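> predicted model follows, preceded by the sequence.
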Amino acid sequence: MPAPKQTKRFAFAISGIVQGVGFRPFVYQLAAKHGLNGWVRNTSAGVEIEAEGIEQALDSFSDELISLSPPQSVIKTFKQTEIPLTGEEGFTIKPSQSLSGRFQLVSPDIATCTQCQNDVSDPRNRRYRYPFTNCTNCGPRFTIIEDIPYDRPLTTMKDFEMCPVCQAEYDNPLDRRFHAQPNACPVCGPRLWLVDKTGKELESADAIAEAAKLLKDGRILAIRGLGGFLLAADATNQLAVNTLRRRKHRPSKPFAVMLPDIAEARKHCFISAEEEKLLISPAAPIVLCKWNRESPICPETAPKQNYLGIMLAYTPLHHLLLKETGKPLIMTSGNLSAEPIAKDNDEALKRLGNIADYFLLHNRPIYSRYDDSVVMYEAGAKRVIRRGRGYAPYPVQTSFTDKEVLALGPQEKNTFCLLKDGYAFVSQHIGDMQNPETLDSFEETLAVYLKLFRLNPQIIASDLHPGYITTALAEARSASLDIPLVKVQHHHAHIASCLAENNCDEEVIGVALDGTGYGLDGHIWGGEFFCGGIKQGFSRQAHLEYLPLPGGEAAIKKPYRTAVSYVYTLLGEEGLNFFKNIEPEELDIIKTQLERKLNSPLTSSAGRLFDAVAALCGICQVANYDSQPAIELETEAGDTEFAQCYPFELDLDKGIYLIRLKGIIQGVLSDLSSGKTAAYISVKFHNTVSQIVLDTCLRLSARSGLTKVALSGGVFQNRRVFRQVIKKLEAEGFEVITHKEIPSNDGCISLGQAVIATSQGGI
Ligand SMILES: [Zn+2]
Ligand SMILES: [Zn+2]
C-alpha cells in the first residue's frame, strides 16, 4: 500500500551567488513542476523560499534546488526547516527585502551567452545588432550595482524605463529575461554613438559599422565597455600598433588581443584544452597562450614574447565590431601608463583625447571600474595574474576571518582586502597608487565594497613601507576611526596570502621570490625564505646575499646599472672590463656611487638578479615596464631544456643562510666570453634559480622538520621557474602550495596583510 500523502511546509534560506543569475524564475518554475504553493524572494542575505505541498514533491523540489540550479549561480549555504502550514494557494515571487547588516555575494559581470549572441545576429529579432543585449544568464552585474538587494532601482539601469515589450519579458517568470536587471532594447535601453576626439558626433546611420571601417583604416578607437574604456586597434596593422604604443607611452609592454571565437583564436595561438576552457568561460579573461608565429598579428603587439594575451568577445558590441572588422583587435585598458581605466564619457575624452582618434560612447553609467582579468594555465591549474572582470568581487573562502579587517595593500598592482564571515573580499586590480587618479579610484571602489558587503572593519592593515601612500592612508584611517593598525612586512604578507588562499594553518617554509619589498632591517628584500605560519608568525631563515642598487629606482629602470653593481661588488675591478658598451663616464659614476655607498640601497631581491643577468646577456638594458628583463630573459630560453646550473653557495651567518651569488655572475661572464648564446645562459640561469630554491628548502627542512613549501612573489609568474621549482621540490618529497585565484604578484599582498592582522588579535 502506498504511503499516505502528507502535506508539509518548508522554509529554505539559500546564500551564495543567487541573485542576478535567474534564481527566482528557476525556483518559480521548479515549484510549478512539483505542484507546490508558496513564494520566493530576494533578501540582502540571499534567497528565501517557503513551499507547501506533498512531502514527496517537496523532497524532489529540495534536491533539484541544488542539482538543477542556474549555470551562473553558486550555492554557499542551504538551510531547510519545517514550518506550520498556511494553506496558501499558488506560487508567487515576492518583493525583495533588505535585512539590516546582512550581505550576500555579488556576481561578477558575465560574457554574452549563446542565446543573446543569436538574438543580436538574427535580422528578425527585435534586438538585431543591439549592443546592450543581455539576459539572466549574461551581461553586466557588478559594474552596474550600487547596493543590494540586486534590483533594477539599485543599479545604473534605473534611469532607463522599460518599454512595454521589455517590461513584459521582465515580468514573465517563464522568460529568459525575467528580472534581468539590465534588460533593455533599442526602443528603451542605452544607446551607442560615435564621436571624434573633440566630442563631435559623426553622422552615421550605424555607429558600429562606421567604427569597424575606421579600425580597418588603421585608426585607434576608444570604446566604452562594461567596466571602462578599452583602446582598440587592428592588431595586424603595424603602423596602427606602433601609433598606439607611442601615444599611450607604452613602448614595449604587451597588448592583449580580442578575437570573435575559439576557431579564430586557434589561427593565432596554440591553445590547450584547459586554456580553451578558460577562454570560453563566462568570465572570458585574457589568457596567455603560446603564440603561433605564422599568425598575421604583428610582432609589435607583444614584442619579445612567446605568449600572447588573448580573449574572446564578451559583449554584444564586441561580437558585432569584430565580425564587421574581420580583424584581430588589440583591446587594451583605456588609460595612460599607470593611470586607472577611464569610465565616463567626459573623463575619457579628456584623458584619452591624445591617444584615440575616435570614441565609441554609450549612456549606460558604469558604477565600478573593472579591468580585464589576466590568467595563465600553468603547473596543472589556472593562475590569476590580474584579477578583475569576471572574477572580482567573488571572494576567497578562508578560515582566517576572526575579525572584520580592512587591508590597504601595497603601492603597485594594488588591491585592497576585506575580511568577514569566512570570506576574504580581495578587490579587483586597482593599479599603481602613486598617481592621484588611482587614489580616487581606490576610494571609490573601497566605498562600494564596504557598502555591498556591509563591512565595519575593526582593524586596519598596511605594508611596513614608510613611504607607501597606502601606509599613509592606513595611518589616517586608523586614527580617524580610532581602530588599531597592523603593519605587515611585504614578503610575510606574500606567504600569508598563499597560506590563506589554501586554507593552510600549519607552519611551512615560505619562499618569496619578488621584486621589491621593505624589509624589517630597512633594506630592500625580495629573495626570502621564511619558516612559520599565519597564527604562529614568520621568521626569516635564508635570503639572497645583499648587493647594492646604485641609484635605487634608477637601477630598476636601467638593469645594466644593477649588472655593473653585481659584477663590481662580487668580482672587483677586473669584471668591469666586460662593460665596453657603457660610456666610461657613466661607469665611473656608478663605481663612485658603489664605493662611497651613495644612494645605493642594499637588496636581496630575486627580481634584480634576473635584471642583472638579462642585462649581461644583452637582452634588456633599459626596462620600461615591470619585470621586462625577466620576461624577455625567459622568452629567450624558448623550449630548450637541459640540466646544468651555475654554482652558488649557502653560507650560515648568525643562523641565517646567505645565498652567495658570485658563482652565478662569474659563470655567466665566462659563458659569454666563451661565446655561449643568451638562450643557453638563460636556460642555465633558470635552472640555477630553481636549484637555489630546492637546496635552501632542503637545508631549512633539515633543521625545522617542515615539509610543506608555500611559493609566492612576482618571480613565480615566470612559467619556467614556477614549473621547475614545483617539480624539483615534489621530487624531494615536499608538498607545495601555490596561488591560483589570487595573483602571486603584489595583487596578493592585501589578503596576506588582512589575515596576519586578524590573527594577531588586533595590535
Ligand atoms: Zn544572455
Ligand atoms: Zn525595450
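Thanks, I have it. Source: prediction; values computed, not measured. Numbers count the residues shown, from 1 in each chain. Ligands and ions are numbered 1, 2, ... in the order given.
> distance of the residue in the stretch 151-300 of the chain positioned nearest to ligand 1 from ligand 2?
Relative to ligand 1, the nearest point of the stretch 151-300 of the chain is Arg176 (6.9 Å; CB to the ion). Yep, even glycine has a C-beta here, placed from its N, CA and C like the rest. For Arg176, the distance to ligand 2 equals 15 Å [CB to the ion, to the nearest Å].
> ligand 2 contacts on the protein?
Residues of the chain lying close to ligand 2 by CB under 5 Å from the ion are Cys163, Cys166, Cys185, Val187, Cys188.
> from those, which two are the most distant?
Of all pairs drawn from the residues of the chain next to ligand 2, the greatest distance, 7.6 Å, lies between Cys166 and Val187 (CB to CB).
> mind checking which of the two has more residues around it?
It is Cys166, of Cys166 and Val187, that has more neighbours when counted by other CB atoms under 10 Å, with 21 against 12.
> quick check, that one in contact with Ala184.
Yes. Counting by CB atoms under 8 Å, Ala184 is a contact partner of Cys166 at 6.5 Å.
> what number of residues lie near Glu89?
For Glu89, the neighbour count with other CB under 10 Å is 9.
> is the residue nearest to it when sequence neighbours are not counted bridged to anything, and to what?
Counting by CB to CB, 6 or more residues apart in numbering, Glu89 lies nearest to Asn37, which is 5.8 Å off, once chain neighbours are set aside. Going by DSSP bridges, Asn37 is paired in beta bridges with Glu52.
> I'd say Asn37 and Thr92 touch.
No. The criterion here is CB under 8 Å, and Asn37 misses it with Thr92 at 9.2 Å.
> the more surrounded of those two?
Neighbour tally, Asn37 and Thr92, criterion other CB under 10 Å: the higher count belongs to Asn37, 19 against 14.
> now do the contacts for Arg176.
Arg176 sits next to Gly22, Gln115, Cys135, Thr136, Asn137, Glu169 when contact means CB atoms under 8 Å, 6 or more residues apart in numbering.
> most surrounded residue in these?
Compared across the contacts of Arg176, Thr136 has the highest neighbour count, 26 neighbours, by other CB under 10 Å.
> any idea how far it is from Gln19?
10 Å (CB to CB, to the nearest Å).
> then Phe10?
Between Phe10 and Gln19 the computed distance is 21 Å (CB to CB).
> neighbour count: these two, which is higher?
Here Phe10 and Gln19 are compared on neighbour count by other CB under 10 Å; more neighbours surround Gln19, at 27 against 20.
> gap between that one and Gly46?
8 Å.
> ditto for Ile656
In terms of CB to CB, Ile656 sits 50 Å off from Gly46.
> okay, these two: which has more neighbours?
Neighbours of Ile656 and Gly46, each counted by other CB under 10 Å, are more numerous for Gly46; the result is 26 against 13.
> ok, that one - contacts?
Ala13, Ile14, Ser15, Gly16, Val18, Gln19, Thr77, Gln104.
> one more pass at 6 Å, please.
Neighbouring residues of Gly46 by CB atoms under 6 Å, 6 or more residues apart in numbering: Ile14, Ser15, Val18, Gln104.
> just name the closest of those to ligand 1, please.
Val18 (17.9 Å).
> nearest residue to the closest one other than its sequence neighbours?
In space, and not counting its chain neighbours, Val18 is closest to Val47: 4.6 Å by CB to CB, 6+ apart.
> the one you found: what secondary structure?
Secondary structure assignment for Val47 (DSSP: H, G, I helix; E, B strand; the rest coil): strand.
> which of the three states applies to the closest residue to Leu408 other than its chain neighbours?
In space, and not counting its chain neighbours, Leu408 is closest to Thr470: 4.2 Å by CB to CB, 6+ apart. Per three-state DSSP, the secondary structure class of Thr470 is helix.
> I figured Thr470 hits Glu412, correct?
No. With contact defined as CB atoms under 6 Å, Thr470 does not count as touching Glu412 (10.1 Å).
> out of these two, which sits in the busier spot?
Taking other CB under 10 Å, Thr470 and Glu412 do not tie; Thr470 has more neighbours (24 against 19).
> would you map the helices across the stretch 251-400 of the chain?
Using DSSP state H, counting those that start in this stretch, the helices of the stretch 251-400 of the chain run over 262-265, 273-280, 316-325, 345-352.
> the stretch 51-200 of the chain now?
55-67, 114-121, 164-171.
> pLDDT averaged over the second one - what is it?
To tie it back to what came earlier, the one meant is helix 114-121. Averaging pLDDT along helix 114-121 gives 97.
> output stretch 346-354 in PDB with nothing but the alpha carbons.
Extracted in PDB, the C-alpha atoms of stretch 346-354 (Å, rounded to 0.1, in the frame of the first residue of the first chain):
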ATOM      1  CA  ASP A 346      33.800  63.300 -20.500                       C
ATOM      2  CA  GLU A 347      36.600  61.800 -18.500                       C
ATOM      3  CA  ALA A 348      37.600  59.600 -21.500                       C
ATOM      4  CA  LEU A 349      37.500  62.500 -24.000                       C
ATOM      5  CA  LYS A 350      39.800  64.400 -21.600                       C
ATOM      6  CA  ARG A 351      42.200  61.700 -20.700                       C
ATOM      7  CA  LEU A 352      42.300  59.700 -23.900                       C
ATOM      8  CA  GLY A 353      42.000  62.600 -26.400                       C
ATOM      9  CA  ASN A 354      45.700  62.300 -27.300                       C
END
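> what is the mean pLDDT for it?
94.
> wait, Gly517 touches Trp525, no?
Yes. Using CB under 6 Å, Gly517 is in contact with Trp525, at 5.0 Å.
> what do these two both touch?
His491.
> from the stretch 201-350 of the chain, which residue is nearest to ligand 1?
Taking CB to the ion as the measure, the point where the stretch 201-350 of the chain comes nearest ligand 1 is Pro316, at 9.1 Å.
> now do that residue against Gly390, distance only.
Pro316 is 16 Å from Gly390, by CB to CB.
> repeat that for Phe648.
Distance from Phe648 to Gly390, by CB to CB: 41 Å.
> neighbour count: these two, which is higher?
Counting neighbours by other CB under 10 Å for Phe648 and for Gly390 shows that Gly390 has the greater number, 25 against 21.
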